[in-house]
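**Q** For reference, the sequence and a predicted model appear below.
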Amino acid sequence: MSADTPLSKERPNPAVDGSELIRFDRVVKRFGANTVLDELDFSVASGKHVTLIGPSGSGKTTILRLLMTLIKPDEGTIKVGGAYLTHEEKNGRLVPAGEKHVREVRKNIGMVFQQFNLFPNMKVLRNITEAPVTVLGLPKDEAEQRARDLLDLVGLGDKCDAYPTQLSGGQQQRVAIARALAMRPQVLLLDEVTSALDPELVAGVLDVLRDIAHTTDITMLCVTHEMNFARDISDQVLMFDAGRVIESGPPEKIFSDPEHERTREFLSAVL
Amino acid sequence: MTAGLWEHWVLPGIWITVQLTLYSAALATAVAFGVGMARTHRSRLVRFFAAFYTEVFRGTSALVLMFWIFFVLPQLAGWALVPMWAAVLALGLSYGAYGAEVVRGALNAVAPAQREAGVALSFTPWQRMRLILLPQAVPEMIPSFCNLLVELLKGTALVSLLGIGDVSFAAYLVRLATTESAQIYSITLIIYFVLAFLLTRGMKVLERRAKAGIGQFPEPLSTGGWLRFRRSDAKSPELSSTGVTGGGASR
């Protein structure tokens, strides 16, 4: 092991002090006639772990996909670390951002998908090293060391030379977590990361995420149906319904004493 | 058939057919990847020109195109290609158009989630193409490319109409010399069959290698038993001996 722990920050993180890292400002997203996000405003402070809950179709995953720039907002703006994500300022006016600007801001964000989405054409080690080498310009041996450390962290130190198809779903998801962390993002987006797993594999993945949540200052935005996990790791829980945040607060409050009727209904259905 | 005809016409003819096939295939492959990738480009203009190319060259006869390049182009351009290169150009451009559709189809068949994973890791569009999409799409292209390659091999017979001494032209000359149509044309059929068979076996090996490169391990290639019926290469995720257990050795 190098002195460098797998998760230490390469760049000084300017905002572990709880200042605002993510800001949604009147964001509207429609799919056809269906308005998924309706003038959504919310912000996430740096280093916080925020869980989004709510009935399916309430826009939780859409928020993560907007942050990852997989889709574009119809109206409103999103800022990450003080920089506009999908817009650029030119001559004092906001214009839609070019691919290059988006890529630069996006480097601060990592995402773990429901279906893992490992690259089947690369062995496990290269799945993790490819982006740090190609995108961040990290020397290959350094990237490999970082990848091996991360694989040890997720308990898969012996799987460097396996292809993704040779791993179980739970193992693939843990590799996907390592892959996202290898980019040392400020923000980690977790999109229902255990929903596609067999029940007996869920615990292993959640343990890894708990570990990361408790030992790092990475900001997490998490969509999940695992309420116990949400209670464990969250600093803040946002309850969504029909494209709006209808209630937010610390997990103890939301899970034991929700104020909103819709929250009570939702929690009694899933708990 | 007399030995002289065999040595002076048929053997060189086979060599010319092989050369034509290889050169045309090389050009067609380049065209197929260029145009096929352009058809998945973000820019509508790029997609339009790529689609235009495909429609034009797929819709025109390779034979007429070859005549056009050989007879008309010199009048327009003021220079002429030797028959061999005119033929390679015509065959490469038109089979490239078919190949472009294969490339486009295979690229579109890669799961959209793979592109999203590439975006999430901040790869540029070209890096996504080179590192993620193409390596997964190429193994899927090979069976269709194999078909096209055999079509191309047989398509090279068109060049005999330009007077190029390929196998078909040699057969024609031998028939004129000996008047034994049955013999020479039967032999020619067999020559094409053997060439095509070699090509398909070669492509099969390529396909296996390519699939192993993306973590798919079909049953090992049986040696010698090529006429035996084998199960088609199902994409079973079954683990081969090269798999999981060996993984720890590198640590």
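**A** Structure's in. What do you need?

**Q** residue boundaries of the strands in the stretch 1-150 of chain B?
**A** For the stretch 1-150 of chain B, no strands turn up when DSSP state E, counting those that start in this stretch is the criterion.

**Q** What of the stretch 151-271 of chain A?
**A** Under DSSP E, counting those that start in this stretch, the stretch 151-271 of chain A gives strands at A:187-191, A:219-223, A:236-241, A:244-249.

**Q** Of these, which is nearest chain B?
**A** Nearest of the strands of the stretch 151-271 of chain A to chain B, taken as Cβ to the nearest Cβ: strand A:187-191 at 8.2 Å. (Each C-beta comes from the backbone N, C-alpha and C, glycine too.)

**Q** Let me have the strands of the stretch 151-271 of chain A in JSON lines, extended by mean pLDDT, distance to residue A:28 and mean neighbour count.
**A** Below are the strands of the stretch 151-271 of chain A laid out as JSON lines (pLDDT from 0 to 100; distance: least, Cβ to Cβ, whole Å; neighbours: other Cβ atoms under 10 Å in any protein chain shown):
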{"stretch": "strand A:187-191", "mean pLDDT": "95", "distance to residue A:28": "20", "mean neighbour count": "23"}
{"stretch": "strand A:219-223", "mean pLDDT": "94", "distance to residue A:28": "19", "mean neighbour count": "24"}
{"stretch": "strand A:236-241", "mean pLDDT": "91", "distance to residue A:28": "15", "mean neighbour count": "22"}
{"stretch": "strand A:244-249", "mean pLDDT": "90", "distance to residue A:28": "11", "mean neighbour count": "18"}
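
**Q** Redo these as TSV? Include distance to residue A:19.
**A** Listed next are these as TSV, based on distance: least, Cβ to Cβ, whole Å:
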stretch	distance to residue A:19
strand A:187-191	14
strand A:219-223	11
strand A:236-241	15
strand A:244-249	18
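
**Q** wait, what's in contact with residue B:90?
**A** Residue B:90 is in contact with B:62, B:65-66, B:68-69, counting by Cβ atoms under 8 Å, 6 or more residues apart in numbering or on different chains.

**Q** excluding its backbone neighbours, what's nearest the residue of the stretch 151-271 of chain A found nearest chain B?
**A** Closest to chain B within the stretch 151-271 of chain A is residue A:163: 3.0 Å, counting by Cβ to the nearest Cβ. Spatial nearest neighbour of residue A:163, excluding adjacent residues (Cβ to Cβ, 6 or more residues apart in numbering or on different chains): residue B:215 at 3.0 Å.

**Q** Would you tell me which residues of the stretch 1-150 of chain A are close to chain B?
**A** A:68-70, A:99, A:103, A:106-107, A:109-111, A:113, A:115, A:117-122, A:124, A:130-131, A:134-135, A:148 (Cβ under 8 Å from any Cβ of the partner chain).

**Q** For chain B, which residues score under the pLDDT cut-off?
**A** B:1-3, B:217-251 (pLDDT under 70).

**Q** Pick out the residue in it sitting closest to chain A.
**A** Counting by Cβ to the nearest Cβ, chain B gets nearest chain A through residue B:215, at 3.0 Å.

**Q** isn't there a strand covering that residue?
**A** No - under DSSP: H, G, I helix; E, B strand; the rest coil, residue B:215 falls outside any strand and is assigned coil.

**Q** ok, the residue nearest to residue A:163 - contacts?
**A** So residue B:215 contacts A:120-121, A:163-166 (Cβ under 8 Å, 6+ apart).

**Q** Most neighbours out of these, which is it?
**A** Within those, most neighbours by other Cβ atoms under 10 Å in any protein chain shown means residue A:163, with 27 neighbours.

**Q** Check it and give its pLDDT.
**A** The per-residue pLDDT reported for residue A:163 equals 92.

**Q** Please verify my assumption that it contacts residue A:126.
**A** No - when contacts are counted by Cβ atoms under 8 Å, residue A:163 is not listed as touching residue A:126 (10.1 Å).

**Q** what residues are up against the closest residue to residue B:62 other than its chain neighbours?
**A** Nearest residue to residue B:62, sequence neighbours excluded (Cβ to Cβ, 6+ apart): residue B:94, at 4.3 Å. Residue B:94 makes contacts with B:57-58, B:60, B:62, B:65, as judged by Cβ under 8 Å, 6+ apart.

**Q** Repeat that for residue B:109.
**A** Contacts for residue B:109 were tallied using Cβ under 8 Å, 6+ apart; they are B:137, B:140.

**Q** and if you look at residue B:124?
**A** Applying Cβ under 8 Å, 6+ apart, we find residue B:124 in contact with A:99, A:103.

**Q** likewise residue B:123?
**A** Counting by Cβ under 8 Å, 6+ apart, residue B:123 makes contact with A:131, A:134-135, B:131-132.

**Q** which one among the residues you listed gets closest to residue A:76?
**A** For these, the minimum distance to residue A:76 (Cβ to Cβ) is 27.9 Å, reached by residue A:135.

**Q** number of nearby residues for the closest residue in space to residue A:154 that isn't next to it in sequence?
**A** Excluding its sequence neighbours, the residue lying closest to residue A:154 (Cβ to Cβ, 6+ apart) is residue A:174, at 4.0 Å. For residue A:174, the neighbour count with other Cβ under 10 Å is 28.

**Q** what residues are up against residue A:174?
**A** Counted by Cβ under 8 Å, 6+ apart, residue A:174 has contacts A:154-156, A:204-205, A:208.
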